[in-house]
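**Student:** no sequence on hand, only this structure:
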Ligand SMILES: Cc1ncc(COP(=O)(O)O)c(C=O)c1O
């Protein structure tokens, strides 16, 4: 699943001891395994090999330029949701013809930038967005390819903040409105409807919601195509979950065979937008224990990473395994692992049984490769962490640690 393991009692990423990275780069620090990333990306593609497809990595999961460049070299396309993400993928050398642009709030400026770049298609999420796309395409005298991102009203059974495919969510076009919009698009000179798709949420650990969503989208796809739209693609979005703790998400191959089984012999190219499942387990957040302290009720380990570095526990109450860098046997104690930020919500573990940590020792928060650094902020005027990419027995700093100067530069 990942390439972090103990060698001689010390935690390593591929062939590099995390202790060495901490000494040379400092902490907190994100560490990614290139081989884990590559394995997972290739495995994903292989699972869908039976059908023409394009994997568009969801840039929001991890947008480091070196990671994007590496995925691009492996043949990945990209799903972007902002002008900034588009800027990053272009800087990383991505083929714009493999980029899809999603999101409910694309600004006119962002749309123009994407048209200029010549992206594959826009995942349109509302009639007003289609009107804007049309007028901007007309202004440029250039046809734009669009997809109807449909809300299939399916419960993905995930955290409410990462569920996106239910009727009450802001995402997508109601399924019943799609055929009329497709009809309107058929008479448009400047927009070409080439795709229908959906994205129902993230960290989904059951196949049922994917199957329900794909089945609904397929029916709609056939109806729209049979009524005369030149559909070439069907976009199934992303969302497959990973194991952080006790979850048992479907294996990639099970997911792919469920999706492919539902799609059957539909004459289309699949667009896939995985994020977390590609990069989530390829990264850890390496941090150092600063202090241990106790009161009558609790034991705390205070580490040098905080919610500004990895917000998932604070935001979603999510679970990350915490492994000591040095394995040796020692007593387990129930403790909270917390950061230095002045919020009680700044925690990585609560009432968790963990080895009794010592001040100065290193620990790793596992499965931090997705929705980790991308969510980092400067809260409490904390410079953002460094990022490191490991390849076999070498590593490279792929984002330097921010300085105090970086904190005030734009002010
Ligand atoms: C439009 C879209 N596509 C793809 C993804 C990627 O999801 P995940 O990282 O769960 O695969 C997201 C994230 O929620 C998204 O909003």
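**Tutor:** Arrived safely. Since we're looking at a predicted model, the values are computed, not measured.

**Student:** so the stretch of helix or strand residue 210 belongs to, near the ligand or not?
**Tutor:** Element membership for residue 210 (DSSP states H and E) is helix 208-226. No - Helix 208-226 lies out of reach of the ligand by C-beta under 6 Å from any ligand atom, never closer than 11.2 Å. (Each C-beta comes from the backbone N, C-alpha and C, glycine too.)

**Student:** so who does the residue in the stretch 51-200 of the chain that the ligand sits nearest to touch?
**Tutor:** The nearest approach of the stretch 51-200 of the chain to the ligand comes at residue 58, 3.4 Å away (C-beta to the nearest ligand atom). Residue 58 makes contacts with 78-79, 238, 273-276, as judged by C-beta atoms under 8 Å, 6 or more residues apart in numbering.

**Student:** intersect these with the contacts of the ligand.
**Tutor:** Counting by C-beta under 6 Å from any ligand atom, the members of these near the ligand are 79, 238, 273-276.

**Student:** thinking again about what came up before, kindly reformat the contacts of residue 58 as a markdown table containing pLDDT.
**Tutor:** Listed next are those as a markdown table, based on pLDDT from 0 to 100:
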| residue | pLDDT |
| --- | --- |
| 78 | 98 |
| 79 | 98 |
| 238 | 97 |
| 273 | 98 |
| 274 | 98 |
| 275 | 98 |
| 276 | 98 |
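
**Student:** please flag which of these sit within helices.
**Tutor:** Using DSSP state H, the members of the contacts of residue 58 that fall in helices are residue 276.

**Student:** which of the ones next to the ligand among the contacts of residue 58 has the most neighbours?
**Tutor:** The most crowded member of these, judged by other C-beta atoms under 10 Å, is residue 79 (29 neighbours).

**Student:** just to check, that one is in contact with residue 98?
**Tutor:** No - Residue 79 lies out of contact with residue 98 (C-beta atoms under 8 Å); the separation is 10.0 Å.

**Student:** mind listing the shared neighbours of these two?
**Tutor:** Applying C-beta under 8 Å, 6+ apart, one finds that residue 79 and residue 98 are jointly contacted by residue 56.

**Student:** re earlier: quick one: buried residues of the helix holding residue 210?
**Tutor:** Residues 209-214, 216-218, 220-221, 224-225 are the ones in helix 208-226 that count as buried (16 or more other C-beta atoms under 10 Å).

**Student:** can you check stretch 58-65 too?
**Tutor:** In stretch 58-65, the ones that count as buried by 16+ other C-beta under 10 Å are 58-64.

**Student:** filter those residues down to just the ones in strands.
**Tutor:** Mapping the buried residues of stretch 58-65 onto strands (DSSP state E) picks out residue 58.

**Student:** let me have the buried residues of stretch 58-65 in CSV, extended by pLDDT.
**Tutor:** Supplementary listing: the buried residues of stretch 58-65 in CSV, determined by pLDDT from 0 to 100:
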residue, pLDDT
58, 98
59, 98
60, 98
61, 98
62, 98
63, 98
64, 99
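
**Student:** reformat the buried residues of stretch 58-65 as JSON lines; add distance to residue 103.
**Tutor:** Listed next are the buried residues of stretch 58-65 as JSON lines, based on distance: C-beta to C-beta, whole Å:
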{"residue": "58", "distance to residue 103": "11"}
{"residue": "59", "distance to residue 103": "11"}
{"residue": "60", "distance to residue 103": "9"}
{"residue": "61", "distance to residue 103": "14"}
{"residue": "62", "distance to residue 103": "17"}
{"residue": "63", "distance to residue 103": "14"}
{"residue": "64", "distance to residue 103": "20"}
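
**Student:** nearest to residue 184, of the buried residues of stretch 58-65?
**Tutor:** residue 58 (28.9 Å; C-beta to C-beta).

**Student:** what's next to the helix or strand that contains residue 259, contact-wise?
**Tutor:** Taking DSSP H and E as the criterion, residue 259 maps to helix 252-263. Here helix 252-263 makes contact (C-beta under 8 Å, 6+ apart) with 40, 43-44, 47-48, 50-51, 207, 210-211, 214-215, 218, 234, 236, 240, 250, 270, 277.

**Student:** mind listing what's buried in that helix?
**Tutor:** Neighbour-count burial for helix 252-263 flags 252, 255-260, 262-263 (criterion: 16+ other C-beta under 10 Å).

**Student:** now that helix: how far from the chain's centre is it?
**Tutor:** Put simply, helix 252-263 sits 20 Å off its chain's centre (C-alpha atoms, centre = their mean, to the nearest Å).

**Student:** so is that helix next to the ligand?
**Tutor:** No - on the criterion C-beta under 6 Å from any ligand atom, helix 252-263 is out of touch with the ligand, staying 10.7 Å away.

**Student:** now do that helix against helix 208-226, angle only.
**Tutor:** Helix 252-263 and helix 208-226 meet at an angle of 40 degrees, taking axes from the mean of the first three to the mean of the last three C-alpha atoms, to 10 degrees as the criterion.

**Student:** and residue 130, how close does it get to residue 265?
**Tutor:** Distance of residue 130 to residue 265, given as C-beta to C-beta, to the nearest Å: 30 Å.

**Student:** so between these two, which is more surrounded?
**Tutor:** Neighbours of residue 130 and residue 265, each counted by other C-beta under 10 Å, are more numerous for residue 130; the result is 21 against 6.

**Student:** shouldn't the more buried one be in contact with residue 185?
**Tutor:** Yes - between residue 130 and residue 185 a contact is recorded at 7.1 Å, counting by C-beta under 8 Å.

**Student:** joint contacts of these two?
**Tutor:** Counting by C-beta under 8 Å, 6+ apart, the contacts common to residue 130 and residue 185 are 146, 191.

**Student:** in the sheet, who's paired with residue 124?
**Tutor:** residue 148 (DSSP bridges).

**Student:** check what pLDDT it gets.
**Tutor:** pLDDT recorded at residue 124 is 97.

**Student:** would you mind confirming that it is in contact with residue 145?
**Tutor:** No - Residue 124 is beyond contact range of residue 145, at 10.4 Å (criterion: C-beta under 8 Å).

**Student:** correct me if wrong, but residue 136 is in a strand.
**Tutor:** No - counting by DSSP: H, G, I helix; E, B strand; the rest coil, residue 136 is not part of a strand but helix.

**Student:** hmm, it is touching residue 109, no?
**Tutor:** No - counting by C-beta under 8 Å, residue 109 is not a contact partner of residue 136; they are 9.9 Å apart.

**Student:** higher neighbour count, the two?
**Tutor:** A count of neighbours by other C-beta under 10 Å puts residue 136 above the other of residue 136 and residue 109, at 18 against 10.
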